[in-house]
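Chemist: Everything below, folded, please.
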Amino acid sequence: MSLIDNVISKAREYVGVSEYPPESNNVKFNTDYYGKEVYDSSTAIYPWCVTFLWDIFRMSEAEKVFCDGIKTASTEIVYSHYKDKNMLFSKGQRGDIILLLTGEAGKNRRVNHAGIVVGVNTDGTYETIEGNTGNGDIANGGMVMTRKRNFDGKGYTIVGFARPDYNNQSNIQVQTDKQAYNEIPISARLTIVGSGVRVRTAPNTSSSLLKNLSEGEVVKASGRIASRYNPWFHIAEGWISGNFVQGWIKDYNDNNRWWYVERDYKYAKAEWKNISGKEYCFGKDSYLFVNCYIKSAVSGVYYWVDGDGAYQKQYDTNSPNRKYRIVENYKMENAYIK
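Modeler: Okay, the predicted model is just below:
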């Protein structure tokens, strides 16, 4: 079989696979992409139509062919990569990546869903296999399905067809976000602080510009680059500098702990901090203390912080319950203990 045949055959193997539990985005393709199981709760951080494509190319030993080896979960990055290469077409062929913009897409999105073309019909319609789709939700339906797409489709527009170079696999250098950039999977809802914040195709200022974000916009991030002096966050549309965001971040490296970032990548460390009217305490590792007593550095009273890390004044005591963790010196202790 040809490489296109291999990729399409691999995609067919997974038709009918769905995320579990429903609306969690917990699915094999995300697990393979992020290196561990990831879950969404009230907000969608881990959409997986593109991680499905990345994974079927990987399992077909064609990882270098998908986006020329760029590891991405973003439809916007797929679109920009092939557009910049002049490999984005108005008519598709077997093996192409079909790019769609659905009615549910956010403002300023150019594309928000993708699949692989497995057949072209004589009437101009396209047979596709798509991840994270469904009968009721084109771009977040939670299942791998075969679909028929056309230019007069209801609820979506065909943006174009990205054409992978199936014949040039050996000459492409692999770039993977996780390997090259040491990306840490996270869950974050970040507010943009600054005007004209640039979204780029890769975590560096020399990469292509996708769009600009305005002051006050809220974005969801699924990864970050662990660099104190050159921080970047991975959002659905691409990458943004960590110097122009504010919000809570949950790391999924080995601790599932929360921390808080502000403009210029400043974060609370070994201190109490008021955030949105509540008091929180952060250890010397910058992570949030939760479910423990923390000794006051002034009065010696022990303060209780709950499962969300918020201080609960009604539980102030001089005799903390020893079945819980007791922090005697928050300035010298890590919030996270392995």
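
Chemist: Show the contacting residues for residue 210.
Modeler: Residue 210 makes contacts with 76-77, 80, 198-201, 237-238, as judged by C-beta atoms under 8 Å, 6 or more residues apart in numbering. Bear in mind the C-beta positions are built from the backbone N, C-alpha and C, glycine included.

Chemist: and which of these is nearest residue 89?
Modeler: residue 80 (15.0 Å; C-beta to C-beta).

Chemist: Quick one: residues in contact with stretch 296-309.
Modeler: Taking C-beta under 8 Å, 6+ apart as the rule, stretch 296-309 contacts 258, 280-281, 288-295, 311-313, 315-320, 326, 329-331.

Chemist: So what's the predicted local confidence for the residue most central in space within the chain?
Modeler: Centroid check for the chain by C-alpha atoms, centre = their mean gives residue 222 as the closest residue, at 2.7 Å. We have a pLDDT of 85 for residue 222.

Chemist: Confirm it sits in a strand?
Modeler: Yes - when classified by DSSP: H, G, I helix; E, B strand; the rest coil, residue 222 is found to be part of a strand.

Chemist: What is the burial count for the nearest residue to it once chain neighbours are set aside?
Modeler: The spatially closest residue to residue 222, leaving aside those adjacent along the chain, is residue 45, at 5.1 Å (C-beta to C-beta, 6 or more residues apart in numbering). As a burial measure, residue 45 scores 21 neighbours (other C-beta atoms under 10 Å).

Chemist: Buried ones among the contacts of stretch 296-309?
Modeler: 258, 280-281, 288-290, 292-295, 311, 320, 330 (16 or more other C-beta atoms under 10 Å).

Chemist: For residue 332, which non-adjacent residue is closest in space?
Modeler: residue 284 (6.2 Å).

Chemist: Is the one you found in a helix, a strand, or coil?
Modeler: Going by three-state DSSP: residue 284 is coil.

Chemist: Then residue 67?
Modeler: Strictly by three-state DSSP, residue 67 counts as helix.

Chemist: Tell me, what's the model's pLDDT at it?
Modeler: 91.

Chemist: wait, it sits on residue 77?
Modeler: Yes - between residue 67 and residue 77 there is a contact under C-beta atoms under 8 Å: 7.3 Å.

Chemist: low-scoring stretches of the stretch 151-300 of the chain, by residue?
Modeler: The stretch 151-300 of the chain contains residues with pLDDT under 70 at 168-182, 227-229, 253-256.

Chemist: So residue 56 lies in a helix, does it not?
Modeler: Yes - counting by three-state DSSP, residue 56 is part of a helix.

Chemist: Give the burial count for it, as a bare number.
Modeler: Neighbours around residue 56, by other C-beta under 10 Å: 25.

Chemist: my guess is it meets residue 14, correct?
Modeler: Yes - Residue 56 is within contact range of residue 14, at 7.1 Å (criterion: C-beta under 8 Å).

Chemist: Pull up the pairing partners for the longest strand seen in the chain, direction included.
Modeler: Secondary structure of the chain read by DSSP state E shows that its longest strand is strand 183-192. Applying DSSP bridges, strand 183-192 is found paired with strand 218-225 (antiparallel), strand 245-251 (antiparallel).

Chemist: Good, we can wrap up now.
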